[in-house]
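>>> Pasting a predicted model and its sequence here:
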Amino acid sequence: MGPLGDDELLCIFNNISDWGDKRSFAEVSKQFMKVAFHSIFWLSSSFPSLLFDILPSSPNVTYFDCNKPLSNTHLKLLAQSCPKLETLSLGKYHDLPSEPGEFDFDFDGDGLCAVANACSHLGGVYLHGRLRVGDTGIVSLVTSCKNLTWLDLEGCIRVTDESLKAIGESRICNLNLGGCSLVTDLGLEYLANGDLKNYLSELNLTGCDKISDHGIIYLSKMVGLIKLNISWLLNITDISLLAIGSKCLKLQTIYLTGCEAITSEGLRAFNGHQTLKTLLLFSCYNFCWEDVESVALTCSRLEYLGLMKRIKTPTPESNEDFLQIGHHTCLIEWDEGEGACFC
């Protein structure tokens with residue numbers, strides 16, 4: 001009896017119902033591995049060294065996930081092997097352990113450009129914490145992948161306004177720029193003046209400390225915004241809230257943690273807001289309980305408030321953890337310290 005061919009091996013693999021048994025089947029030999037990965041659509045790897053065997057055998061993968069260091073060679077192989085890719089999840093999150101210097105030789109724009117040019121069906125790309133990613137790769141990605149709707153660049157510290165110029169011409173719905181400290185007001189102007197303003201529903205600008213009121217005012221053009229995080233933007237004042245509160249009428253969630261210059265005047269910009277559900281004001285102190293209450297009672301859908309214990313006037317103890325608004329209850333979370341960052 002001769003050796004089994006790929007068709008026979010694939011038939012056997014497809015008839016194994018238990019994933020543990022499928023894994024055992026794949027580990028028997030490289031030929032079996034090749035067969036096992038031929039029909040998968042979702043691939044998550046914690047061992048980049050194995051990708052040189054796995055990726056060439058995975059032409060049908062649409063979702064790829066890896067939080068380990070990857071070289072440009074890895075990404076070029078991914079681009080060559082997986083042209084049907086729709087979701088690329090390469091986020092390196094803070095709660096995942098890593099060795100010092102482990103990501104010093106991570107991929108950069110060269111590898112990302114290869115993926116962008118080969119995988120035009122990409123709809124979601126997550127690059128959280130990939131420190132070597134910069135404008136070259138992002139511009140290529142946004143320009144080549146017209147289906148892109150989710151882009152996570154949090155902690156990509158080399159990203160500048162040049163990337164936002166390209167992003168402004170895209171149809172991205174969810175954009176995370178948290179910690180992109182080189183982004184300025186000009187970048188927000190690019191976002192607001194392109195097609196993006198008609199599509200963007202969620203935006204995170206946490207810690208982009210070069211942004212001021214001048215930039216935030218441009219966000220008032222994004223009338224479809226549902227969720228906005230501008231926590232720890234120390235340069236913004238009531239001027240920003242007056243623009244957002246009056247123009248972003250679909251807004252459901254706004255995070256203002258650490259925006260210490262906000263006062264009761266800015267807070268009252270949300271008086272009567274018809275869609276607001278979540279309002280976070282941790283590490284904000286320049287207003288009193290009466291200001292909060294007067295705004296909250298006019299927001300008919302408000303469900304959650306985040307406040308500091310040390311605002312000017314404390315809440316009456318009888319209403320400490322909730323506020324009754326019409327027929328529903330708005331929960332209140334109090335922070336006694338320096339404020340939590342809910343990003």
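Structure received.

>>> Spell out the residue ranges of the helices in the protein.
When assigned using DSSP state H, the helices of the chain occupy the ranges 6-14, 19-27, 30-38, 51-54, 72-81, 109-118, 135-144, 161-167, 185-193, 213-216, 238-247, 264-267, 289-296.

>>> And the contacts of the last one?
Helix 289-296 has contacts (Cβ atoms under 8 Å, 6 or more residues apart in numbering) with 264, 267-268, 270-271, 279, 281, 302, 305, 307, 311-316, 323, 325, 330. (Glycine included, C-beta is placed from N, CA and C.)

>>> Filter those residues down to the buried ones.
264, 267-268, 270, 279, 281, 302, 305, 307, 311, 315, 323, 325, 330 (16 or more other Cβ atoms under 10 Å).

>>> pLDDT check: weakest of the residues you listed?
Lowest model confidence among the buried ones among the contacts of helix 289-296 falls on residue 315, which carries 62.

>>> residues near residue 147, how many?
Applying the criterion other Cβ atoms under 10 Å, we find 12 residues in the vicinity of residue 147.

>>> One more: residue 274?
Per other Cβ under 10 Å, the neighbour tally for residue 274 reads 11.

>>> repeat for the one 10 residues further on
Here the neighbour count serves as a burial measure; for residue 284 (other Cβ under 10 Å) it reads 22.

>>> Would you quantify the distance from it to residue 122?
38 Å (Cβ to Cβ, to the nearest Å).

>>> How about residue 307?
Noted for residue 307: a distance of 40 Å to residue 122, by Cβ to Cβ.

>>> Over to residue 213?
Residue 213 sits at a distance of 35 Å from residue 122 (criterion: Cβ to Cβ).

>>> Of those two, give the one with the bigger neighbour count.
It is residue 122, of residue 213 and residue 122, that has more neighbours when counted by other Cβ under 10 Å, with 23 against 18.

>>> What average pLDDT does stretch 197-216 get?
Computed over stretch 197-216, the average pLDDT equals 98.

>>> My understanding was that residue 321 contacts residue 331; is that so?
Yes - if you go by Cβ atoms under 8 Å, residue 321 and residue 331 touch, sitting 6.9 Å apart.

>>> To residue 64, which of the helices of the chain lies closest?
With Cβ to Cβ as the measure, helix 72-81 is the member of the helices of the chain nearest residue 64 (6.5 Å).

>>> So, low pLDDT: which residues of this protein?
Of all residues in the chain, those with pLDDT under 70 make up the ranges 1-11, 13, 19, 22-38, 93-104, 314-319, 338-343.

>>> Name the surrounding residues that touch the top strand by length along it.
As far as residue count goes, and with DSSP state E defining each element, the longest strand of the chain is strand 328-335. For strand 328-335, contacts defined as Cβ under 8 Å, 6+ apart pick out 282-283, 296, 302-309, 315, 320-324.

>>> One more: stretch 183-199?
Around stretch 183-199, the neighbours that count as contacts under Cβ under 8 Å, 6+ apart are 149, 159-161, 163-165, 167-173, 175, 177, 200, 205, 208, 210-212, 214-216, 218-219, 221-224.

>>> What about those, which are in strands?
Those of the contacts of stretch 183-199 lying in strands (DSSP E): residue 175.

>>> Please check the contacts of stretch 183-199 and keep the buried ones.
With burial judged by 16+ other Cβ under 10 Å, the buried subset of these is 149, 159-161, 163-165, 167-168, 170, 172-173, 175, 177, 200, 205, 208, 210-212, 214-216, 218-219, 221-222.

>>> Go through the buried ones among the contacts of helix 289-296 and flag which are in strands.
Residues from the buried ones among the contacts of helix 289-296 lying in strands, with DSSP E as the criterion: 279, 305, 307, 323, 325, 330.

>>> now do the same end-to-end measure for stretch 197-216.
13 Å (Cα to Cα, to the nearest Å).

>>> Ok, stretch 265-285 next?
Terminal residues of stretch 265-285 lie 13 Å apart, using Cα to Cα.
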